[in-house]
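[1] Coordinates for the following, if possible.
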Amino acid sequence: MKALIVAAALGLAPSAHAQTPTTTCNDQTRQLTTAGGTSSTSAACPTWSITVSIPPAVNGTYSSPASCDTGRTVRSSDCFDCGPASVGNHCKARGFKVNVKVYSIGGGNACPEIPSSLPTTVAQLNAVLACKDLPKTSDTPVWCALVLDCANGKVVSSWADQEQRVLPEGLATVRLGDPDALLGPPRVRPLAAQLAAAQSVPIAELHPTLSAAWILHAPLIGGVELTADVERTFENVPGHGTVVNRHSVAGAVLAGGKFALSDTRRVQNEDQSTDLLTEELAYDGGNFFCGVVGAPFYDAYSSTSLSIDNAMAGLGFVEPLLNWVDSPFAILRFAGTHYADEQVDGSAGARLRVLETYPGVPLNLDKGQTLYEIEIVDGVPRPVRIAISNSQGALLVERLFSDYRTLGADVWRPFQLTERRFNAGATTPYVTTTVSFRRTRLLDSAEAAAAWRRPQSENNWWIVRT
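    Predicted coordinates:
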């Protein structure tokens, strides 16, 4: 079976359920043992709020989350055992594998810290108001039963079309066919939209070096087809020490946050042997789709579902790929930002210190700062390090960039990325993400539209959260 799973991960596996009569028929059906879906534990967070005013678009009070997950278990599908009797059906006890992912921070704290300076908070407002990512502490496939029709070898669904299911996160609808009628519209994120609208300074009026860096690393209009390796290392996880999550990602990452990707990774079976497992993931700007290759059902989360955010919470390894397409350096264009240059000793590049002071913010308010270290190579400004610190000078985020290449005419990107995130005052990052791009192909708008596809199981069966 190991060879079959490896082949499936490479997209070479034959059909797992050929539509021919079964050679054996044990006249059994299957019975549910564990429902698929997501269950989680959470802890209350200290509550705080900040008032932010950046004309013309941002003006409001934003609050921290009331609670954050401390643990999360995600089962990719329902799991079954064989039995009871059912004439004309054949139950395979080892029919397909359900992936069980466990995320845990042990006794740690996933709540966002109270920001020490308003400008730094504005620069990272979405991240500051979000719970911290949880490390994936186990990734285990388990065998589950599959039922075939003895006469033709076709997979038999245990659920009827449009049947309502009760899952750990709420109700879901079975769809034996395209789920389109159950999906929702594009998602609207008011805070993100406000922050985007507040980027009012023309690119040409930024600091000259930052302006050139923005132009030569501009957002991709269509997107990119890519293969990349992503590694996330979580330090000092209570009960686990250092936890490393590795992903081999392939597919399309498109402008506007859309993606259609396969995530292939090595997993440990219940008998301690290892295999490759491939999970397919797609987001169309509103709805999220996922499934493990070989499973009879895939999952769809409508944009209106209350569980879509929880379902996408484990996609921290996709975020740097989205940023790489849309805004690799997150250069801000808020009005009133002040710039001060400082030459780095012994470096051919310029170090630019950006103090973020916005209209309406008192000048005597403690300020965070963003430090850009930029090398100029053959006239091309290449950021090699971006460091974001709070008003006390404590490092919060450090991003490193290298191996610059062209994607097209005057379109550059770094092919090696490292991001370290720190708790304020800590000298060791709590999470380090590294990305290595192995293959890329620039996509125009038409190619990007064609590159996005919704994944589906062999029979196009779905469990849809609405």
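[2] What's the end-to-end length of stretch 147-157?
    Its start and end residues considered, stretch 147-157 measures 8 Å (CA to CA, to the nearest Å).
[3] Correction: the previous question concerned stretch 252-263.
    OK, stretch 252-263 end separation, CA to CA: 12 Å.
[4] And the contacts of that stretch?
    219-226, 247-251, 278-285, 293, 317-318, 321-322, 324-326, 443, 448, 451-455 (CB atoms under 8 Å, 6 or more residues apart in numbering). No exception for glycine: its C-beta is placed from N, CA and C like everyone else's.
[5] Go through those and flag which are in helices.
    321-322, 324-326, 448, 451 (DSSP state H).
[6] Between the residues you listed, which sits nearest Thr418?
    Using CB to CB, Trp324 comes nearest to Thr418 of the ones in helices among the contacts of stretch 252-263, at 12.7 Å.
[7] Would you agree the closest one is in contact with Phe415?
    No: Trp324 sits out of contact with Phe415 when judged by CB atoms under 8 Å, with a separation of 9.4 Å.
[8] Mutual contacts of those two, please.
    Phe437.
[9] Neighbour count: the two, which is higher?
    Neighbour count, other CB atoms under 10 Å: between Trp324 and Phe415, Trp324 has more, with 24 against 17.
[10] circling back: generate a PyMOL selection restricted to the buried entries among the contacts of stretch 252-263.
    The buried subset of those, as determined by 16 or more other CB atoms under 10 Å, is captured in PyMOL by this line:
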select buried, resi 220+222+223+224+225+226+247+248+249+250+251+278+279+280+281+282+283+284+293+317+318+321+322+324+325+326+443+448+451+452+454+455
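[11] where in the stretch 251-400 of the chain is pLDDT low?
    342-368 (pLDDT under 70).
[12] gap between the spatially most central residue of the chain and Leu281?
    For the chain, Leu315 is the residue whose C-alpha lies nearest the centre (CA atoms, centre = their mean; 2.4 Å). Using CB to CB, to the nearest Å, Leu315 is found at 7 Å from Leu281.
[13] picking that back up, isn't there a helix covering the residue nearest to the centre of the chain?
    No: under DSSP: H, G, I helix; E, B strand; the rest coil, Leu315 sits outside any helix and is assigned coil.
[14] which ones are touching it?
    Leu281.
[15] Excluding chain neighbours, what is closest to the residue of the chain positioned farthest from its centre?
    Distance from the C-alpha centroid of the chain, by CA atoms, centre = their mean, peaks at Val87 (44.5 Å). Excluding the flanking residues, the one nearest Val87 by CB to CB, 6 or more residues apart in numbering is Asp27, at 5.1 Å.
[16] shaky segments in the stretch 101-250 of the chain?
    Ranges of the stretch 101-250 of the chain meeting pLDDT under 70: 116-127.
[17] Which stretches in it count as helices?
    Under the criterion DSSP state H, counting those that start in this stretch, helices of the stretch 101-250 of the chain are mapped to 118-123, 125-128, 190-197, 208-216.
[18] any idea which element Ile331 lies in?
    Under the criterion DSSP states H and E, no helix or strand holds Ile331.
[19] I'd guessed Val58 sits against Gln194; true?
    Yes: using CB under 8 Å, Val58 is in contact with Gln194, at 4.7 Å.
[20] Please identify which of these two sits among more neighbours.
    Val58 (20 against 17).
[21] Quick check: bridge partners of the more buried one?
    Bridge pairing for Val58 (DSSP bridges) gives the partners Ile54.
[22] how near is it to Leu191?
    8 Å.
[23] Please list the residues outside stretch 226-239 that contact it.
    So stretch 226-239 is in contact with 104-108, 133, 135, 137, 242-253, 316-317, 320-321, 428-441, going by CB under 8 Å, 6+ apart.
[24] Could you give me the buried positions within it?
    Buried-residue list, stretch 226-239, by 16+ other CB under 10 Å: 226, 228, 230, 232-234, 237.
[25] can you give me the offset of that stretch from its chain's centre?
    Centroid separation between stretch 226-239 and its chain, computed with CA atoms, centre = their mean, to the nearest Å, is 12 Å.
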